[in-house]
Structures are given as structure tokens and as C-alpha cells.
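*Asks:* The amino acid sequence is not available; the structure is as follows:
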């Protein structure tokens, strides 16, 4: 029995190490960023980097997107498109990870509360986005992030 407990303790030690956590947080960063990056790319003209498409402008002026306070119409299309490009880049790099994840959490909640309000969307999709964002807000970017590098540099400078 002691041998079994020892094996279990070793396994727990391996999966709770900084290295294992860093790998997990890297995967979480890429997963969350990928969701919003792919969404952002549907809002730009094909072949362009950031030219907001006519379709996106039209979409944000129609139901249910025009239910979003302040950010509806053209303003909503531009802000959403640029935010969905910028924040995922920060998150993949692990630069200001907590700020980027907070931005995507806010976007998710706006989408849930004002655009796709059905409970099924929450349980099938948005709850997973929230879980990913909250993981990054609580844990940060991990050891494989620019945040960790900057933290080490600050420590060396002090």
C-alpha cells in the first residue's frame, strides 16, 4: 500500500510542477486565443489584415448584435474586430496575459448577455470560454510566457 501511495505522490508531484503547469497554461492560452482569433478573421475582408468587411458592418447593425449597448453598428464591428485580433496575440505571447484574458472574459459575457442569450449557448460554448479565461486570470501565463520573463527581469533589476 505504501508503494502505491508513493507512486501516486510522485505522479501528483510531476503534474503539479511548474513545468507541467507552464505547459498546461500555454495550451489554455493557445486554445482561448484561437477561438477569438478565428472569430476575428471572419470579420475582415478576405486577403486583408484588418479591413472590416461589409458583412461584419451589416451584421452589427442587425438583430441580435444591435442589442449591445454602445457597441452596436459600425463602432461595434470595428471595436470587436480589432479587439479579437489584439487580445489573442497578447495571450499567445503571454504578455499581459491577465489583462488580455479579462478582456476576452468581458467580451464573452457581453456576447452571452446581449447577443446569444439562449441557455444552450452558455452550457455548450460560453462556459468553456469563461473557464479558460478565468484560468488565465487566476494563474497568469505560466513559465512559458513573456510575463514570466518580464517578472524575472524585474526581480533582477531590484
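*Replies:* On my side now, so go ahead. Please read all numbers here as calculations on a predicted model, not as lab measurements.

*Asks:* Identify the residues contacting the spatially most central residue of the chain.
*Replies:* Nearest to the mean C-alpha position of the chain, by C-alpha atoms, centre = their mean, lies residue 32 at 3.8 Å. The contact partners of residue 32, taken as C-beta atoms under 8 Å, 6 or more residues apart in numbering, are 88, 91, 101, 104, 129, 132-133, 136. Yep, even glycine has a C-beta here, placed from its N, CA and C like the rest.

*Asks:* can you do 7 Å?
*Replies:* 91, 101, 104, 129, 132-133, 136 (C-beta atoms under 7 Å, 6 or more residues apart in numbering).

*Asks:* Just those: which are in helices?
*Replies:* Counting by DSSP state H, those place 91, 101, 104, 129, 132-133, 136 in helices.

*Asks:* Neighbour count and pLDDT added to those, as a markdown table?
*Replies:* What follows is these, written out as a markdown table (neighbours: other C-beta atoms under 10 Å; pLDDT from 0 to 100):
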| residue | neighbour count | pLDDT |
| --- | --- | --- |
| 91 | 31 | 98 |
| 101 | 27 | 98 |
| 104 | 25 | 98 |
| 129 | 20 | 98 |
| 132 | 22 | 98 |
| 133 | 25 | 98 |
| 136 | 26 | 98 |
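
*Asks:* Check the burial of residue 144 by counting its neighbours.
*Replies:* Neighbour count of residue 144, defined by other C-beta atoms under 10 Å: 16.

*Asks:* Isn't it up against residue 26?
*Replies:* Yes. Residue 144 is within contact range of residue 26, at 4.9 Å (criterion: C-beta atoms under 7 Å).

*Asks:* Show residues contacting stretch 133-152.
*Replies:* So stretch 133-152 is contacted by 18, 21-22, 25-26, 28-29, 32, 91, 93-98, 101-102, 104-105, 108 (C-beta under 7 Å, 6+ apart).

*Asks:* cutoff 6 Å now
*Replies:* Applying C-beta atoms under 6 Å, 6 or more residues apart in numbering, the set of residues contacting stretch 133-152 from outside is 18, 21-22, 25-26, 28, 93-95, 97-98, 101-102, 104-105.
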